[in-house]
Each structure stands twice: as structure tokens, then as C-alpha cells.
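**Student:** Got a predicted structure plus its sequence, pasted below:
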Amino acid sequence: MKDYIVRATAAGAQIRAFAATTRNLVEEARKAHNTSPVMTAALGRLLTAGAMMGIMLKGEKDLLTLQIRGDGPGRGLTVTADSLGRVKGYPLVADVLLPANSQGKLDVSGAMGAGILSVIRDMGMKEPYVGQTPLQTGEIAEDLTYYFATSEQVPSSVGLGVLMERDNTVKQAGGFILQLMPDTEESVIARLEENLAKVSSVTAMLEEGNTPEQILQILLAGLAPEFTDSLETGFFCNCDKSRVEKALISIGQEEIQAMIDEGREIEVNCQFCNRHYLFSVEELNDLHRRAKGLSGN
């Protein structure tokens, strides 16, 4: 199945809802960063949330960044998404190994520890909008639920899940976000809470063969869901050698000269996708000339 996100409303637009299946993009991220199972689960959850929150952006050039910084062994995660369903991200520490938690599941909370969740929206203004809340559990879904309620004053329910195969590849991944609009009727809230109480987990629903549409039909049963659109999502990094060249030029002549003086090619890695870019001494000399031209020296 392709990775995609569906968007819907329910109860006469008193609820807006998103659901996604993201197995392929989470597996791509796992391969790019060679993550351990617990860090695959952590990064996969945040990538899934980022993809769904990204399509909430209005402008084509708007960008969303989700960042977790914690005191656990994983230290944190960064995910960036756009309004077109494209998402990328990386863990600060990829190879964390932890025993299962008390429920026998991957201990994402233990990997993240206590810390801060930051949501950064860059909408082309002088300054991006930044919202921050303390991590509540480190499990990511609950942390985003808390963020929406406290920082954006939007009562929400967020569900995220990643299920691993025995060979540590990704078996299932996906999630949902349900949000109440202002003045939602009490009866609607009560029905939604009743529906949520019957659901065990996102990955259980995916394992049963449910599509994102069917997941929302389960969560919004009795609330007349109406599907508004569907959008493909995927792991996408827009890095290339010319972008890396610009980044190297921006560090200045002295730093480039120091690289040249070493007399050997250098390797630059993209944090988001882990691609490697090699620069020969001749290429570094060319970058030094360009940097000199920009500075006017």
C-alpha cells in the first residue's frame, strides 16, 4: 500500500480529522539512518505526525519543524514537513538499545526522557511561529495532544504507532489526529470519547487491514464523517551538491582554506537523509574563490 493521508470532517464540521499510513516512509528513514528499533519507532511516530501536521499548512512554501530535545539516551529528534505531504527527519542518536517497557513495547518514552517539544511554523514572515511545551510522557502522541491543547488551545486526540518486524524492518506505521472545533456539542465529545475508548492502538487497526479511511470511520462512528481529500506522503529530502556547496561557501574563506590545507577530499553528510557529498581539493579551491568573491576580499 502507498503511503497517504486522508482528511475529513465529522459531526457537521465540529470535528476535523486526519489519518495516515506511513510504513514506506518510516522504513526509508530507518534505512537512511540505520536506526535501532526504539529509535525507528520514535522517529517514525514524529515523521507521521509531521506529515499530517504539514498538510495543515496553508502556503505551498510554508514549512513545519517538530523538534524533541530530551535527557534520555536518544537525546532528541528533528522532523521537517511541507504542505505537500513531504517529510524528512533525523535522530540525534540512532543506535539506542533499551529493554521493552512494562507493556512489552518499545520504550520510546525511556529513549526520549524528560524534555521539551517545539513546534516551529515558518510561513514566510520575518520570524517563524514557535510553540513549546514540556514532554508529558515522551511517547510523542500524548506530547502532541498536550501541545495542541495548551499551546494552540485546540482540544485534540493524537494516535501514532510503529510496529517492527522480527528482522527490525518496519511492518506497520501510521497515525491519526482528531481536533474539536470551537463550541463542539457535548454529545459529540461524549461519542468521540466512547469511540476512542474502544480502540487499542493505531498499529492494531493497521494490522487488521484498515486503511486510513477505515480508521477514521472507526474513530468517527456515529458522527457522519465526510472525507474531503487524500494526499500521498513520503520521505523526501531536497538536498543536493549545489545546496551543500552554498552551505560550505557560507562558512567563510578561512574555514575552507583550512580544509584545503589538509590536502585531501572532504565528505559532507546531510543530517536529514544521511547522503554523502565528496569535495576534492580542486572543488574546495573553487569554493574558496567563490567565497572570496562574495566577501570582496
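**Tutor:** Yes, it's here. Numbers count the residues shown, from 1 in each chain.

**Student:** make it CA atoms for all contacts and neighbour counts henceforth
**Tutor:** Will do.

**Student:** quick one: strands adjacent to the helix or strand I120 falls within?
**Tutor:** Using DSSP states H and E, I120 maps to strand 115-122. Take DSSP bridges as the rule and strand 115-122 pairs in its sheet with strand 63-70 (antiparallel), strand 129-134 (antiparallel).

**Student:** Mind putting those strands into TSV with mean pLDDT, mean neighbour count and distance to R166?
**Tutor:** Listed next are the strands paired with strand 115-122 as TSV, based on pLDDT from 0 to 100; neighbours: other CA atoms under 10 Å; distance: least, CA to CA, whole Å:
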stretch	mean pLDDT	mean neighbour count	distance to R166
strand 63-70	97	23	27
strand 129-134	95	15	33
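
**Student:** returning to that earlier point: run through who's touching the strand holding I120.
**Tutor:** Residues outside strand 115-122 that contact it (CA atoms under 8 Å, 6 or more residues apart in numbering) are 62-71, 128-135, 143, 147.

**Student:** follow-up on the earlier one: next, format the strands paired with strand 115-122 as TSV and append distance to A190.
**Tutor:** Shown next, in TSV, are these (distance: least, CA to CA, whole Å):
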stretch	distance to A190
strand 63-70	30
strand 129-134	27
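
**Student:** quick one: the strands in the stretch 1-150 of the chain?
**Tutor:** 4-10, 15-21, 63-70, 76-82, 86-91, 115-122, 129-134 (DSSP state E, counting those that start in this stretch).

**Student:** for those strands, which one sits closest to G174?
**Tutor:** Relative to G174, the nearest member of the strands of the stretch 1-150 of the chain by CA to CA is strand 15-21, separated by 4.2 Å.

**Student:** looking just at contacts, which helices and strands does that closest one meet?
**Tutor:** strand 4-10, helix 37-54, strand 170-180, helix 212-219 (3 or more CA pairs under 8 Å, 6 or more residues apart in numbering; DSSP states H and E).
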